[in-house]
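Participant: from the sequence below, what's the structure:
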Amino acid sequence: MKVQHLACCGLTAMLLLAMSPTVLAQIQGVADESTAGTTQLPLWEIGLVGLGMSQQAYPGASQQVGRGLALPYLIYRGKFLRADREGLGIRTLNTPRFEFDIGLAAAFGAPSDEVDARRGMPDLGTLVEFGPRLKWHLGQGPAGSSTRAEFALRGVFDLDDRLSHKGISFEPRLIHEWRGSGGWRYNASVGAVLGNRRLADTFYGVAPAYATADRPAYTAESGLIAWRLGAGVSRELTPHLRIFGFFHLDTVAGAANRASPLVQQTLGGSVGLGLTYTFARSSTLVLD
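Facilitator: So this is what the prediction gives:
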């Protein structure tokens, strides 16, 4: 991923870090949702985030790609305009039970020269997603825990290819968040990623021009791309410094394109570790 491309998206780390939904929650604390609507937080915060990670090149890939970065981030908790742990977007509905927003997310790409199965094929670019999402708060539990369901429907565009349209994704998730002892905060999620035919072809299609003896031509189908299990942890070390880590596991078992020659293993994971430093906060407080 190229840093100059991120600058075009507002230099917001929450957009960049959307490649793993667990990461966004770490910037300001995993369990914020457990007190949503009851806790006053600064209207805006500005800071720096540093991250190192190893990720599966794409669901079903047999190789990992490493990523590292350090960038500024902005959190803005406006009534409608939001730039926070959930990404950058507009919240049009906010009730104790339901939230509806329209926002952005992003995912790291993988150059084909780093992935043997795709060598000679077009790169998987930085994918930017835009579209509506419904959040359904299912309830709160002891010790500040909370559970919610999310349903996100987004158009997918390639930032490295002049924002060319790459398809449509649908991602339902169930998320549980809680606080532990010693200031630690945790989350866990389970969900699925589904895509239309165009998006599936971006990951798994092999055009005849790129077919080889070991990589036959393949036409991808719409449907399940992967099941996803995620987890995250964070801890505030000082009022300004926070450490976080995350992990997610993808499986293409039962996926629509399991037969693609680009699918070389069933399970794959991504892991990351990072720090955030907040150097300025608004004196104006708002209900999150």
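Participant: might you report the residue contacts of the residue of the chain most remote from its centre?
Facilitator: Distance from the C-alpha centroid of the chain peaks at A213, with 35.1 Å (Cα atoms, centre = their mean). Listed by Cβ atoms under 8 Å, 6 or more residues apart in numbering, A213 has no contact partners. C-beta coordinates here come from the backbone N, C-alpha and C atoms, glycine included.
Participant: doesn't it fall inside a helix?
Facilitator: No. Counting by DSSP: H, G, I helix; E, B strand; the rest coil, A213 is not part of a helix but coil.
Participant: look at it and report its pLDDT.
Facilitator: You'll see A213 listed with a pLDDT of 93.
Participant: let me know the distance separating it from V206.
Facilitator: 12 Å (Cβ to Cβ, to the nearest Å).
Participant: what's the pLDDT at the closest residue to V115 other than its chain neighbours?
Facilitator: Distances taken as Cβ to Cβ, 6 or more residues apart in numbering place A57 nearest to V115, at 4.6 Å, with adjacent residues excluded. With respect to pLDDT, A57 scores 92.
Participant: ok, A57 - contacts?
Facilitator: Contacts of A57 (Cβ under 8 Å, 6+ apart): Q63, Q64, V65, A110, E114, V115, R118, L124.
Participant: kindly provide the distance from the nearest residue to the fourth one once chain neighbours are set aside to P216.
Facilitator: What that stands for is A110. What sits nearest to A110 in space, not counting adjacent residues and going by Cβ to Cβ, 6+ apart, is A57, at 4.0 Å. Counting by Cβ to Cβ, the separation of A57 from P216 is 20 Å.
Participant: show me the contacts for G139.
Facilitator: By Cβ under 8 Å, 6+ apart, the contact set of G139 is S146, T147.
Participant: that one sits in which helix or strand?
Facilitator: For G139, the host element (DSSP states H and E) is strand 127-140.
Participant: now do W227
Facilitator: strand 223-236.
Participant: L199 now?
Facilitator: helix 197-204.
Participant: can you list the buried residues in that helix?
Facilitator: Burial within helix 197-204, assessed by neighbour count using 16 or more other Cβ atoms under 10 Å, is assigned to R197, L199, A200, D201, T202, F203, Y204.
Participant: distance to R91 and pLDDT added to those residues, as a markdown table?
Facilitator: As requested, the buried residues of helix 197-204 are exported to a markdown table (distance: Cβ to Cβ, whole Å; pLDDT from 0 to 100):
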| residue | distance to R91 | pLDDT |
| --- | --- | --- |
| R197 | 31 | 97 |
| L199 | 26 | 97 |
| A200 | 30 | 97 |
| D201 | 33 | 97 |
| T202 | 29 | 95 |
| F203 | 30 | 96 |
| Y204 | 34 | 97 |
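Participant: which one among these gets closest to H137?
Facilitator: Closest to H137 out of the buried residues of helix 197-204 is L199 (28.7 Å), distances taken as Cβ to Cβ.
Participant: how near is the closest one to L124?
Facilitator: Distance, L199 to L124, by Cβ to Cβ: 12 Å.
Participant: what does V286 give?
Facilitator: From V286 over to L124 the distance is 38 Å, taken as Cβ to Cβ.
Participant: have a look at these two and say which one is more surrounded.
Facilitator: When V286 and L124 are compared for neighbours, L124 comes out ahead with 24 against 14, by other Cβ atoms under 10 Å.
Participant: now do that one against S169, distance only.
Facilitator: 14 Å.
Participant: ok, H176 next?
Facilitator: H176 sits 23 Å away from S169, going by Cβ to Cβ.
Participant: and those two? which has more neighbours close in?
Facilitator: Neighbours per residue, other Cβ under 10 Å: of H176 and S169, the larger number sits with S169, 22 against 15.
Participant: now the helix or strand hosting that one, how far from the chain's geometric center?
Facilitator: Using DSSP H and E, the element containing S169 is strand 164-179. Centre-to-centre, strand 164-179 and its host chain are 7 Å apart (Cα atoms, centre = their mean, to the nearest Å).
Participant: ok so, going back, list the buried ones in the strand holding W227?
Facilitator: Under 16+ other Cβ under 10 Å, the buried positions of strand 223-236 are L224, I225, A226, W227, R228, G230, G232, V233, S234, R235, E236.
Participant: turn the residues you listed into JSON lines, including pLDDT and distance to S282.
Facilitator: Conversion of the buried residues of strand 223-236 to JSON lines gives the following (pLDDT from 0 to 100; distance: Cβ to Cβ, whole Å):
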{"residue": "L224", "pLDDT": "98", "distance to S282": "42"}
{"residue": "I225", "pLDDT": "97", "distance to S282": "39"}
{"residue": "A226", "pLDDT": "97", "distance to S282": "39"}
{"residue": "W227", "pLDDT": "98", "distance to S282": "40"}
{"residue": "R228", "pLDDT": "96", "distance to S282": "34"}
{"residue": "G230", "pLDDT": "95", "distance to S282": "30"}
{"residue": "G232", "pLDDT": "94", "distance to S282": "25"}
{"residue": "V233", "pLDDT": "95", "distance to S282": "27"}
{"residue": "S234", "pLDDT": "93", "distance to S282": "21"}
{"residue": "R235", "pLDDT": "94", "distance to S282": "24"}
{"residue": "E236", "pLDDT": "91", "distance to S282": "18"}
